[in-house]
Each structure stands twice: as structure tokens, then as C-alpha cells.
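J.: Let's see this in three dimensions:
(2 chains, ligands or ions: 2)
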Amino acid sequence: MAKLIDSVKTFVNTKILKKVHKRESIDSKYVLETRNLGISFGGLKAAQNVNLKIEKNEIYGLIGPNGAGKTTVFNLLTGVYQPTEGAFYLNGEDLTGLPQDKINHKGIARTFQNIRLFNNMTVVRNVMVGLTNQPEYHCSLFESIFRLPRHFKVEKEMRKRAKELLRIFDLEDERNNLACNLPYGKQRKLEIARALATNPKLLLLDEPAAGMNPNETEDLVNTIKKIRDEFDMTVLLIEHDMKFVSGLCDRITVLNFGTVLTEGDTKTALSNPDVIKAYIGG
Amino acid sequence: MKFVKHYLSYIVIGALAVIISAVGAAGGIPGTFSALLEQSVIAIILAVSLNMVVGFLGELSLGHAGFMCIGAYVGGKLAVLLSSSLGGTNIVTVILALIVGGLCAGICGFIVGLPALRLRGDYLAIVTLAFGEIVKNIFENSEFFGGQTGLKTPEFTTQRSTRFVLFLIGAVIVLLTLFVIQNIIRSKHGRAITAIRDNEIAARATGINVTKYKLMGFIVSAVFAGLAGVLYSYSQQSLQAKTFDYNYSIEILVIVVLGGMTVNGSIVSAVLITALNNILQTNLGGSFAVAKDLIYAVVLILLVIYRNAPALKSFREKYNLANLWKRLVKPKHDPSRVGDDSVRWDVVPTKISMDEVLSTDVVIDTTGDNSADIGERGGNK
Ligand SMILES: Nc1ncnc2c1ncn2[C@@H]1O[C@H](COP(=O)(O)OP(=O)(O)OP(=O)(O)O)[C@@H](O)[C@H]1O
Ligand SMILES: [Mg+2]
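T.: Ligands and ions are numbered 1, 2, ... in the order given. Here you go, the predicted model:
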């Protein structure tokens, strides 16, 4: 039966939807590897030939001027957009073309440039949503409707875990506030906490320090380092604040007009004259 | 205290059902009042189930009467078919009719849920509207279901001392509806559903299976509308398909919106509107039926404006019943005293706001062939 469904799926995908990409795993020592990843919207090539190789436990920066295609790369990596070229691999597993929730289950979680929280929910519930798919909190609809013991057990454990995650971000005391009532900096942190709740292997942060004051930014640098160490996490982040980037990132890739301008360790890449020119607007 | 708050609706409805049944068994309920009771029960089921889609899933559905129509006709026809063998109003027949009617409506809920995965907001509203009309027309023109003349159903006896049983069955189904829908909402599944409503893009990125939960919402909602339909078919001598037109769907929607898109609010407004309807219809006669629909439309428009107009925000906050209550009874709002579960379970959604800002994060792909077009319209609020 499962085989039949699979073959129908491939038929629909290849013959009807004309998705030609066939997923094939590769040998890769990188947590994230992209190969010639690209997408064009009509004529506009928002990203092309993006090759990223991110090692385990690395904090990797993706920078570039406004409109360079950074967020587009994130959208490709999380399945919001389907790449028109290339593929990307998480620990060697090809995730190209998977739907967003599947990609999240495989281990890529993200935050958004303009914050997207569940505004009408409390802080703790926001994080609990992130825990929904964790196998240890599995509870079927039937068990929930009929209030079987597992429902209560799972709810209690989820809440406990959510509080633990909130503690890392100093949000525990605000757990019963509505998410939309948090100040801006805390909303950014809550988004990270929610992403962490999905137990990712790779965390994508889209301008995590935007709108934060210097104190908060410094705090965030420490928190991200702490996450990497405690959760054994690999982080890919977009940021405009160069001080933040050079203080945090091991290596960076610089994008400009959708293509890779340069890459390498943070200091060298940032002092590259092309990069400076791109930022000044040459 | 928390217990009472969570189970208030069950307690009130259960108590009322017992009292009314006791009076009914003694033969003390006049025919007109028992009709009102049955209508109220049906309206409550319809409102609470529609609220699953409108309030919790945040999608605008204008075809709820269509699901009810399916339940009514399928259940009614089954009762007719079984009337020679089992007896049309035999309790076994009633249960069978409820099961089959509910299932058929649920299947249609699944079918209507499918476009909901791709369309949203106003577009989905149009699809559901069309669905309701199609269903109505199919039953109207099918000879098997009585065609233009309508389907004669085995009505419950009009005898005072036994008629209340229909109300009692209805009350049990109301409790079942509340049980299922509230328990879904107050669980991790409900959290996922409200997450989709609040921010679909974020929900997907957080690993929520939007397909599954949207379909689930539509199916559950449709099943209970189907049950309400079966009850309706038992409360009538015959079914007329044109009863289930879009006006009926909108009437249910008005009830839900008036109830603030919460479960308890829906129950209260269902009873009030039904009573009002009943009174107006018996006292004002035919020509008012036309005016009634007009009034509904106006009320709905005003409510949507009231809810969404930014200019009215301060007014809304000032004269909001909940806030008034808070100011009168609990002058100091202390967030640390709020229990984890007592915070705004079912706050009103905002997907019915007609225009939503596009954000730069994820842009709508206008080329159309991108299956990742997640339509930003349901985006950030
Ligand atoms: N869905 C889309 N349809 C059409 N064009 C798009 C779409 N998504 C992104 N673009 C375009 O792709 C380019 C890159 O946008 P992107 O949001 O990735 O930039 P960015 O590097 O994140 O910039 P910023 O620093 O301002 O966030 C922009 O010109 C944008 O208009
Ligand atoms: Mg961006």
C-alpha cells in the first residue's frame, strides 16, 4: 500500500507537477551543504549558484546589502520557496523540494526577519507549539479528546520543557503574557526559543539582533554561543550589524545581487575590497 | 474555580436538559415551546461547530448549512428506509441516522477542506458558499430524496409527553459537541490549530502539519453540522432543500460572530437569536422574513467593521464587556496570579479582516506555478 502511494506520488510529482528534481542523498561531512542552489522569480534571479558548506557546531554568517537575497536563501532552505536550480543537503540527506513542515521535522528551524509569533497565545504556548512534533510528546487526537492519561502527562511535560527553554532566554517570568505584549527584543528571543523547541540540527536566524539595543545585542551573542554549546547546535545567521557578525561568526558568506561575492573566515572576508565596495554601493 | 470555568457550559446545559426533560416527561411543555427548544439545540450545535472553522481555524465558511443539509437528507432518508423494519423514530434508527448522516457530512467536510489548503480568506468563503448552494440544488433535484416536493421524514410524535425525547437527544449531542470540540481545542492539537490561525507561515516553519489540522477542523465541524441536520429532519414533517440556502449559513455565521467567536459566546447567542427569530416570526408574519435577512446582513457588516476598524480600537477597549467586568470586579490585574491555563484560550481571530499587509519576508509568488506559494494573505497580524 505504502509503495503504491509512493509511486502515485512520484507520478504526480514528475508527470503532472513537473518536479524533475529527484532526491538523492550524498556523502557529506557538512551539516548543511548547498549545491548551486538558486531561484528565479520570473526573470529576476533572486539567488543563484549559492554554495554553502557549514560544519557542525559552526556559527556561520550570511551577509550582504539589502535585497542581496539572504532571506530568499533562508526561504529556500526551509521550503517556503522551491529552488529552481540546485539542491541542499542536511547531513548529506537531500531535503530539496520537501514541504516546510517536513523540512522542520528533518532538523532545520528558523526565525523570521519580521517577527512572526503566535500573537494571541501566551509565551509558554508559543514554545509548546514548537514541541508539538517531538516524538516524546506524542499524543493522538483520540487520546486528547477522551482525556486519556497520556494527554495530561504529555501536556505537563511539554509545559515543563517549554519553561526550561524559556529560562535560557530569561523569559520564564513572562510566560503567561501574550506574545504580542512582549517588548521587541524579547519577541526576537521568543522566536529563537520556539525554533529551538523543534529540536533542530541547524538553526537559521534571520537578523536576530535587528532592533535590539547594544546591551541586548551583547546578551544575544552570549545566548547564541550558549545554545551552540549546550544544544550542540549549528547556526546560520543573517545580520547587518558587522560588530555582531565579527564577534560571533566563525565563517561567513557574502551575497550580492543573489550571487556569492566571497566566503571564508570572518575577518578575511570582511576586509575583502569587493565586500566593502558592495556595502558602500559601488 | 478553574474547574467551574472550564466546565460551566456542560454544567448549565446538563442541568437545563434534566429540568426540561423532567417537565417534559410530565407533559408540561406546550408544542410551541418544545419547537423553540429543539431549534435552540440545533442552533447551538451549528454555531459551536461552525466556530471550530471560523473561530479556531480562522477561515471564513459560508456553507455550513450545506453540511447540515447533507445530514438532514441522508439521516432522514435512512429513517424513512428503516421505518418499515425498525420503525422511523425507534432509538436504534435515530442513532443509525445520526451516525450515517454525520459521517456523510464529514466526508463532504473533507472535500471542502481540500481547497481550504490552497485558498484563503475571501476566496475560500466563495468556494464554501458555492458548495452550500450545490448541495442544496442536488437534493432539490434528486427524485430519490423527494425532489421538489421535499422529503417526508418520520417526525417525532407531537405528543407532549414524548416529544421532549427529541430535545433530550439534542441536548446530549450538544454536550458531545462541546466535549469533542473543547477537548480538541484544549490540547496540543488545538494549540496547533490556533497557531495556524495566528500565523500560518510561522506554524509551517514550526513543523505544524497544516494540511492535517485544517482538514481535521473542517471534518469535525462538518460532522457536527450533519448531526444537527439529522436532528432537524426529525423535528420536521418534511424537508425542503431551499431551507438550507446561504441565508441559513449566514444566519449561523451571525450567531458565531455575535458570540465573539468563542464557544460559550456561540451558545448564548445561538439561544438568543433563535428565541428572537421565533418571536419575530410568530408575531410579525410573512413580510418580515425578508426584512430579517436584511437585518442580519447589516448586523454582520457592522460587526466586521466594528471588529476591524482601527479607528474604533480605543472605543472597543473601553466598552468591551470583559474589560468592563474586569474594571468593576477585579480592579487590579496581576499577571503573576494568572494560571497557565486561564489565559485567553480562544481569543478572537483576525483572519476575517479583509485586507492584510504584505510583508517583505515572504512575498506572494505571482507566477502561479510555484507550489510553495503560501499566500501571504494570512500573514502577520
Ligand atoms: N516571491 C518573490 N517574488 C519576487 N521577487 C522576490 C520574491 N522574494 C524575494 N524577491 C526579490 O528577491 C530579492 C532578494 O530579496 P531578499 O528578501 O532575499 O533580500 P535580503 O537579502 O533578505 O534583503 P534585506 O537585507 O533587506 O532583508 C529582492 O529583490 C526581492 O524583491
Ligand atoms: Mg532579508
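
J.: how many other residues sit next to residue 196?
T.: In the absence of a named chain, this looks at chain A. Residue A:196 sits with 21 neighbouring residues when counted by other Cβ atoms under 10 Å in any protein chain shown. Glycine gets a C-beta too; all of them are placed from N, C-alpha and C.

J.: Switch to chain B, please.
T.: For residue B:196, the count of nearby residues is 28 (other Cβ under 10 Å).

J.: and it, that one's in a helix?
T.: Yes: under DSSP: H, G, I helix; E, B strand; the rest coil, residue B:196 falls within a helix.

J.: Pretty sure it sits against residue B:208.
T.: Yes: look at residue B:196 against residue B:208 with Cβ atoms under 8 Å: they come within range, at 6.3 Å.

J.: Show the contacting residues for the residue nearest to residue B:257 when sequence neighbours are not counted.
T.: Excluding the flanking residues, the one nearest residue B:257 by Cβ to Cβ, 6 or more residues apart in numbering or on different chains is residue B:303, at 5.2 Å. Taking Cβ atoms under 8 Å, 6 or more residues apart in numbering or on different chains, we find residue B:303 in contact with B:254, B:257-258.

J.: what's the closest of those residues to ligand 1?
T.: residue B:257 (33.5 Å; Cβ to the nearest ligand atom).

J.: Need the mean per-residue confidence for the helix or strand containing that closest one.
T.: Per DSSP states H and E, residue B:257 falls inside helix B:246-258. Mean pLDDT, computed over helix B:246-258, is 89.

J.: Repeat that for stretch A:178-195.
T.: 92.

J.: can you check stretch B:295-310 too?
T.: 73.

J.: Quickly find the element holding residue A:274.
T.: Secondary structure assignment for residue A:274, by DSSP H and E: helix A:273-280.

J.: is ligand 1 contacted by that helix?
T.: No: counting by Cβ under 6 Å from any ligand atom, ligand 1 is not contacted by helix A:273-280; separation bottoms out at 11.5 Å.

J.: tell me which residues in that helix are buried?
T.: Applying a neighbour-count criterion of 16 or more other Cβ atoms under 10 Å in any protein chain shown, one finds A:275, A:278-279 buried in helix A:273-280.

J.: One more: stretch B:84-103?
T.: B:88-89, B:93-94, B:96-98, B:100-103.

J.: Closest one to residue B:73 out of those, please.
T.: The closest of these to residue B:73 turns out to be residue B:101 (Cβ to Cβ; 8.2 Å).

J.: Quick check: the closest one vs residue B:255, distance?
T.: Computed with Cβ to Cβ, to the nearest Å, the distance linking residue B:101 and residue B:255 is 21 Å.

J.: Same question for residue B:87.
T.: Counting by Cβ to Cβ, the gap from residue B:87 to residue B:255 is 34 Å.

J.: Could you do residue B:222 as well?
T.: Distance, residue B:222 to residue B:255, by Cβ to Cβ: 17 Å.

J.: next one: residue B:25
T.: 30 Å.

J.: Between these two, tell me which one has more neighbours.
T.: Legend: neighbour count by other Cβ under 10 Å for residue B:25 and residue B:255, higher for residue B:255 (27 against 15).

J.: Identify the residue spatially nearest to the more buried one, adjacent ones excluded.
T.: In space, and not counting its chain neighbours, residue B:255 is closest to residue B:47: 4.5 Å by Cβ to Cβ, 6+ apart.

J.: mind putting the contacts of residue B:303 in JSON lines, distance to residue B:212 and neighbour count included?
T.: Shown next, in JSON lines, are these (distance: Cβ to Cβ, whole Å; neighbours: other Cβ atoms under 10 Å in any protein chain shown):
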{"residue": "B:254", "distance to residue B:212": "30", "neighbour count": "19"}
{"residue": "B:257", "distance to residue B:212": "27", "neighbour count": "26"}
{"residue": "B:258", "distance to residue B:212": "31", "neighbour count": "19"}
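
J.: with those in mind, which one is nearest to chain A?
T.: Chain A lies nearest to residue B:257 out of those, by Cβ to the nearest Cβ, at 17.0 Å.

J.: where do the strands sit along chain B?
T.: Taking DSSP state E as the test, the strands found in chain B are B:151-152, B:238-239.

J.: In the stretch 101-250 of chain A, which residue sits closest to ligand 1?
T.: Using Cβ to the nearest ligand atom, the closest approach of the stretch 101-250 of chain A to ligand 1 is made by residue A:113 at 5.5 Å.

J.: Skipping adjacent residues, who's closest to that residue in space?
T.: In space, residue A:113 is closest to residue A:206, 4.3 Å off (Cβ to Cβ, 6+ apart).

J.: Based on its surroundings, how many neighbours for the one you found?
T.: 23.

J.: residues touching it, list them.
T.: A:70-71, A:74, A:110-113, A:237-238, B:361.

J.: which two in these are spaced the farthest apart?
T.: A:237 and B:361 (15.5 Å).

J.: neighbour count winner among these two?
T.: Shown here are residue A:237 and residue B:361; by other Cβ under 10 Å, residue A:237 has more neighbours (25 against 19).

J.: separation between the residue of the stretch 1-150 of chain A with the smallest separation from ligand 2 and residue A:34?
T.: Taking Cβ to the ion as the measure, the stretch 1-150 of chain A has residue A:71 as its residue closest to ligand 2, at 3.1 Å. With the distance defined as Cβ to Cβ, residue A:71 ends up 15 Å from residue A:34.

J.: what's the answer for residue B:19, then?
T.: 68 Å.

J.: okay, these two: which has more neighbours?
T.: Using other Cβ under 10 Å, the more surrounded residue of residue B:19 and residue A:34 is residue A:34, with 24 against 10.

J.: Can you pull the phi/psi pair for the more buried one?
T.: Main-chain dihedrals, residue A:34, degrees, to the nearest 10: phi -110, psi 140.

J.: Could you chop the chain up by domain?
T.: Answering for chain A, as no chain was given. A:1-107+A:201-219+A:234-282, A:116-199 (automatic domain parsing).

J.: Not quite, go with chain B.
T.: Taken from automatic domain parsing, chain B resolves into B:2-281, B:335-378.

J.: any residue of the first one up close to ligand 1?
T.: Looking back up the chat, that one is domain B:2-281. No: judged by Cβ under 6 Å from any ligand atom, domain B:2-281 and ligand 1 are separated, with a smallest distance of 12.6 Å.

J.: what's in contact with the helix holding residue A:274?
T.: A:64-65, A:254, A:256, A:261-262, A:269.

J.: Please compute how far it lies from its chain's middle.
T.: Offset of helix A:273-280 from its chain centre (Cα atoms, centre = their mean, to the nearest Å): 27 Å.

J.: likewise stretch B:256-271?
T.: 9 Å.

J.: and residue A:110, what does it touch?
T.: Residue A:110 neighbours (Cβ under 8 Å, 6+ apart): A:74, A:77-78, A:195, A:203-206, B:205.

J.: okay, and the helix or strand of chain A with the least pLDDT?
T.: Least confident element among the helices and strands of chain A, by mean pLDDT, DSSP states H and E: helix A:2-11 (a mean of 73).

J.: Show me what it is packed against.
T.: Packing contacts for helix A:2-11, counted by 3 or more Cβ pairs under 8 Å, 6 or more residues apart in numbering or on different chains; DSSP states H and E, involve no helix or strand.

J.: Could I get the average pLDDT for the longest helix anywhere in chain A?
T.: Taking DSSP state H as the criterion, chain A has its longest helix at helix A:149-168. Mean per-residue pLDDT for helix A:149-168: 94.

J.: next structured bit after that helix?
T.: Downstream of helix A:149-168, the first helix or strand assigned by DSSP H and E is helix A:184-197.

J.: ok, the helix or strand just after that following helix near ligand 1 or not?
T.: Downstream of helix A:184-197, the first helix or strand assigned by DSSP H and E is strand A:202-206. No: Strand A:202-206 stays clear of ligand 1 (Cβ under 6 Å from any ligand atom), getting no nearer than 7.5 Å.
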